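S.K.: with the input below, show me the fold.
(one chain, ligands or ions: 1)
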Amino acid sequence: MTALFVTRRLPIDVRAEAPPEIEVRVFGEDRPPTGSEIAREARGCAALLTLVSDPVDDALLEALPTVRHVAQVAVGYDNVDVEACRRRGVLVTHTPDVLTDATADLAFTLVLAVARRVREGEALLRSGRFEGWSPTMLLGVELSGRTLGVYGFGRIGRAVARRARGFGMRVLYTSRSGAPAEVEASLEATRVPFEALLEQSDVLSIHAPLDERTRGRFGAAELAAMKSGAILVNTARGPIVDEGALAAALAGGHLFGAGLDVFEREPEVHPALLGRDDVVLLPHLGSATEAARQRMARTALADAVRVARGEPPAHVVPELR
Ligand code: 8YV
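M.R.: Residues are numbered from 1 along each chain as shown. Okay, the predicted model is just below:
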């Protein structure tokens, strides 16, 4: 019988949904297991269902020689050493598509929350300091007619662009490979160099994977090159933005505000950001709808079942295709 280790309780009952030929073991506590706990509890397993908080490195693969498949329950898989997996002949799959709309909705939630100062308004009201409507109270940024810059124009970036079109925004983007002409035409999106994206975006939303090319991409110089009064939103991965530099850019008054769902050293948040009124902070909720999280778990499980049955998985990560 093939055994599968699930590193965290998921919003589906993996045991009940797995076919009888697969033995499912689930980590017993609702916290990320350490590497040595995974190594101990997954001993003898053929596959792991992993999350963004599980570092799957060469040492773990070495400790688990029976593991042939890492099924990541996320679209991003920067926690997995794909090169080490390749060397060891371990398959890596992920869960694209099923969380696109949920994540794009959350990115746009942050855009609106920052632009319209929702956090400050809520706090004012709850503090009992709201003494009546005022024509100059908490004035924000109107989105219509403004420019959205999308850094990374994959599924989620395009879905955010689609939402922005509904708000009357113009769309610019950067991506490694340009989008097909029909996608650009339907979103009236224009590919521009990174520098132009920084200079022209009123709202800049990050949707690129974390890798050696994107790590630290938004540092002090890039933030200074952004349009004055712009909004930065990050729902991708924290280390793409230098949080200290972002806090400084906000403190200097160069940016209007920022919306962050991901952090450089999750779950820690830079203390200088925690104290700021112009920053909306969420605890990595991008895909956190019940439906999306269930689809993610089922997508990962379905690939684990395919691999266990000797069939090709549906969602191998691009580097291993
Ligand atoms: C996940 C995410 O919730 O899919 C991703 O890459 O960041 C989120 O949707 C999280 O990573 C769970 O593993």
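S.K.: which residue ranges of this protein form strands?
M.R.: Here the chain has its strands, by DSSP state E, at 2-6, 22-26, 47-50, 69-72, 91-93, 147-151, 170-174, 189-191, 203-206, 230-234, 255-260, 279-281.
S.K.: what does this protein put close to the ligand?
M.R.: Proximity of the chain to the ligand (C-beta under 6 Å from any ligand atom) is limited to residues 51-52, 73-76, 99, 286-287. Using the backbone N, CA and C atoms, a C-beta is placed for each residue, glycine as well.
S.K.: which residues sit against the longest helix along the chain?
M.R.: Taking DSSP state H as the criterion, the chain has its longest helix at helix 290-308. Contact with helix 290-308 is made by 2, 4, 10-12, 14, 17-19, 21-22, 46-47, 49, 68-69, 71-74, 91, 93-95, 98-99, 101-103, 287, 312-315, as judged by C-beta atoms under 8 Å, 6 or more residues apart in numbering.
S.K.: need the buried ones from the residues you listed selected in ChimeraX.
M.R.: Applying 16 or more other C-beta atoms under 10 Å to the contacts of helix 290-308, the buried members can be selected in ChimeraX as follows:
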select :2,4,10,12,14,17,18,22,46,47,49,68,69,71,72,73,74,91,93,94,95,98,99,101,102,103,287,313,315
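S.K.: now the strands of the chain in JSON lines, with mean pLDDT?
M.R.: Formatted as JSON lines, the strands of the chain follow (pLDDT from 0 to 100):
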{"stretch": "strand 2-6", "mean pLDDT": "97"}
{"stretch": "strand 22-26", "mean pLDDT": "98"}
{"stretch": "strand 47-50", "mean pLDDT": "98"}
{"stretch": "strand 69-72", "mean pLDDT": "98"}
{"stretch": "strand 91-93", "mean pLDDT": "98"}
{"stretch": "strand 147-151", "mean pLDDT": "99"}
{"stretch": "strand 170-174", "mean pLDDT": "98"}
{"stretch": "strand 189-191", "mean pLDDT": "98"}
{"stretch": "strand 203-206", "mean pLDDT": "99"}
{"stretch": "strand 230-234", "mean pLDDT": "99"}
{"stretch": "strand 255-260", "mean pLDDT": "98"}
{"stretch": "strand 279-281", "mean pLDDT": "98"}
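S.K.: as a markdown table, those strands with distance to residue 272 would be great.
M.R.: Putting the strands of the chain into a markdown table (distance: least, C-beta to C-beta, whole Å) gives the following:
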| stretch | distance to residue 272 |
| --- | --- |
| strand 2-6 | 37 |
| strand 22-26 | 38 |
| strand 47-50 | 32 |
| strand 69-72 | 32 |
| strand 91-93 | 36 |
| strand 147-151 | 23 |
| strand 170-174 | 27 |
| strand 189-191 | 34 |
| strand 203-206 | 19 |
| strand 230-234 | 15 |
| strand 255-260 | 12 |
| strand 279-281 | 9 |
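S.K.: so which of those comes closest to residue 32?
M.R.: For these, distance to residue 32 was read as C-beta to C-beta. The smallest value, 9.8 Å, belongs to strand 47-50.
S.K.: in its sheet, what does the closest one sit against?
M.R.: Partner strands for strand 47-50, per DSSP bridges, with pairing direction: strand 2-6 (parallel), strand 69-72 (parallel).
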